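1. Sequence and computational prediction follow.
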Amino acid sequence: MAFSSTGLVNYGGGKKGDAPGLYGYSTTDAIGDVNTAGYFNTLSDVLAVGDTILVRSSTGGTQALSWVYVASNASGVVDVTDGLTITATDSD
């Protein structure tokens, strides 16, 4: 699929200011799609290197949380890191 702005929330900072931006993004796309270079190209005027995005993605209907950050943003092409998967146990 493709990026959808309806899944994006700005928690603060960013917009290419001095402080890195912190965003949340929810999608039914797998993290392997989200972390592909070009996925966030429509935000190239908004995202800066170092901005962080908490991604809630889905693989086969199973939700996953990952932290990614903008590794590069040049000539309109945004590339984010592969992401750090957030894991947790719920043993009750």
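-> That came in fine, so what should we check first? Numbering: from 1, shown residues only.

2. So which bits of the lengthiest strand in the chain are buried?
-> When secondary structure is assigned using DSSP state E, the longest strand within the chain turns out to be strand 62-74. Judged by neighbour count (16 or more other CB atoms under 10 Å), strand 62-74 contains these buried residues: 66, 68-70, 73. All C-beta atoms are positioned from the backbone trio N, CA, C, and that covers glycine.

3. Okay, buried residues for the helix or strand that it is followed by please.
-> The helix or strand immediately downstream of strand 62-74 is strand 77-80, counting by DSSP states H and E. Neighbour-count burial for strand 77-80 flags 78-80 (criterion: 16+ other CB under 10 Å).

4. Can you tell me which of those residues lies closest to residue 23?
-> residue 80 (10.6 Å; CB to CB).

5. Now do the contacts for the closest one.
-> 34-35, 39-40, 53, 68-71 (CB atoms under 8 Å, 6 or more residues apart in numbering).

6. Specify the beta-bridge partners of the closest residue to it other than its chain neighbours.
-> Distances taken as CB to CB, 6 or more residues apart in numbering put residue 68 closest to residue 80, at 4.2 Å, once the chain neighbours are dropped. When bridges are assigned using DSSP bridges, the partners listed for residue 68 are residue 53.
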